[in-house]
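Student: Fold the following.
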Amino acid sequence: MRIRKSMHIYLSCTIILVGTLTVVSFSTIAMNYFINGLDIAFRYTMELIGKDAQPPEHGHATFLDFDVAGSWNGVPSVIKETLDEPKGHLGFSKYILRKHWYESPEIATFAMRYVHSDGTVVYVTRAFSHMDETDPKIPFLTRIIVIGFIGVLIFGFCILFLLYQLNKPFDRLMGWTRKLNTENLTQPVPDFHYREINELANIIQSSLSSVQQTLERERKFISHASHELRTPISVVRSNTELLLKLMSKEGSSDKQKQVAERVLRASISMTELCDTLLWLNRREYKNLSRSSVDLGALIEQLTFELNYLIKNKEVTLSINAQHSSHTLSCILARIVLGNLIRNAFQHTYSGTIQINHKNDWVLIRNQNSEEFEEKASLGFGLGLELTKQIIKQYGWQYRVKEIPGGRIVFIRFS
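Tutor: Model (predicted):
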């Protein structure tokens, strides 16, 4: 499973990682400066002691916690075992034994050789040892780790708290964006307390307003165009029907009748398409008037009106319709069933078409016995797409299954 990236997690991990590296780096630098500082302090103190102290003739003496001797043989044995004799004036040697950089040294020894103007040599030494220490305190390294972990933990909690405070206006922005619709899109943008987030909210509102205006212009155009087209289409349809009646009385040729019938069929198709567009532009789909609709009779009427689509084709049509009444929007039911039946008729060139209806469901199956190259169908692709939108917005069940040479369409008006 792929984990989606999150800005909050990415930012938190990055800041905590950078903070941890910073703490570790500065701790290492501080430890290094601490050791160097001890060296400088020891050198300066040893130099002062070597200048003023008087060493004994044999062995060594203690002066301000430092051992002073007149010869290398007189220094403590631990110094001779861990260090080489310093050379020259202010020669300095040191030895530090520890397991880890952040651990207290087990043994630390220091030695300096100071030569007076009269040639007298003084050895100043100091030794530290924790090997025999019985101090029950927590080891130095453990203390460093615990303190560092607590520091990183506190730093992480501070970062998480800061991100939480910054995240609240973003959550408000997302909640406000989800609730945007055509009714509240024109309302003033709320104040999110941060200039950048307010600018982002204004950009979102401006973009959505632009899209809404475009959709509104398209909706008005479709509505106006459909209304304007209905009149000339009605005129074409009525005059074509009148022309067919006159031709039948006067005995016109078959070719003239075929041309007139084509014009009539095209006007019927355009009328249905205009009705579909007009209903799609309505907002109150759930408030449409309903009436008792006999789906069986409606199917038979539509197949009769669209029968010209399979005329002169080797198509076998089988209708099994149950005459039962259902409370539906008659106009929408006619638009949907008309487009689905038209689809089956237009895309079947040689084969079978089965229309089954029972209760509130209708099943349309069309299948070609042979493969045919699809022919262009002016306007039908749009009609089917609009039909799907009506079905989706009206809440009817709709399924399509592709089969060899055709398809099966199932719709339940509930």
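Student: Could you double-check that Arg342 sits in contact with Leu306?
Tutor: Yes - contact criterion C-beta atoms under 8 Å: Arg342 and Leu306 qualify, at 5.6 Å. Any C-beta I mention is one placed from the backbone N, CA and C, and that applies to glycine too.
Student: can you pull the contacts of Ser209?
Tutor: 185-186 (C-beta atoms under 8 Å, 6 or more residues apart in numbering).
Student: ok, now Arg334?
Tutor: Contacts of Arg334 (C-beta under 8 Å, 6+ apart): 298, 302.
Student: ditto for Trp176
Tutor: For Trp176, the contact set (C-beta under 8 Å, 6+ apart) comprises 190, 201.
Student: Against Leu208, how distant is it?
Tutor: Separation of Trp176 from Leu208 (C-beta to C-beta, to the nearest Å) stands at 11 Å.
Student: do Arg219 as well
Tutor: Distance, Arg219 to Leu208, by C-beta to C-beta: 16 Å.
Student: Then Phe66?
Tutor: Counting by C-beta to C-beta, the gap from Phe66 to Leu208 is 81 Å.
Student: can I see the domain layout of the protein?
Tutor: As assigned by automatic domain parsing, the chain contains the domains 7-149, 180-281, 286-412.
Student: weakest of those in terms of mean pLDDT?
Tutor: Among the domains of the chain, domain 180-281 carries the lowest mean pLDDT, a mean of 74.
Student: show me where the chain has helices.
Tutor: Counting by DSSP state H, the segments of the chain that form helices are 7-52, 77-82, 140-178, 195-250, 254-280, 295-305, 330-346, 380-394.
Student: can you put those in CSV and add distance to Val409?
Tutor: Formatted as CSV, these follow (distance: least, C-beta to C-beta, whole Å):
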stretch, distance to Val409
helix 7-52, 45
helix 77-82, 96
helix 140-178, 35
helix 195-250, 26
helix 254-280, 17
helix 295-305, 13
helix 330-346, 6
helix 380-394, 10
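Student: Need the winner for burial among these.
Tutor: helix 330-346 (a mean of 21; mean count of other C-beta atoms under 10 Å).
Student: Now do that helix: distance to the chain's middle.
Tutor: 40 Å (C-alpha atoms, centre = their mean, to the nearest Å).
Student: tell me the contacts of the closest residue in space to Trp396 that isn't next to it in sequence?
Tutor: The shortest distance from Trp396 to any non-neighbouring residue, by C-beta to C-beta, 6 or more residues apart in numbering, is to Phe413 (5.6 Å). Applying C-beta under 8 Å, 6+ apart to Phe413 gives the contacts 295, 326, 328, 333, 360-362, 396.
Student: Most neighbours of all these, which one?
Tutor: Counting neighbours by other C-beta atoms under 10 Å, the top entry in the contacts of Phe413 is Val362, with 25 neighbours.
Student: so how far is His116 from it?
Tutor: Relative to His116, Val362 is positioned 119 Å away (C-beta to C-beta).
Student: And Gln346, by the same measure?
Tutor: Note on Gln346: its distance to His116, by C-beta to C-beta, is 120 Å.
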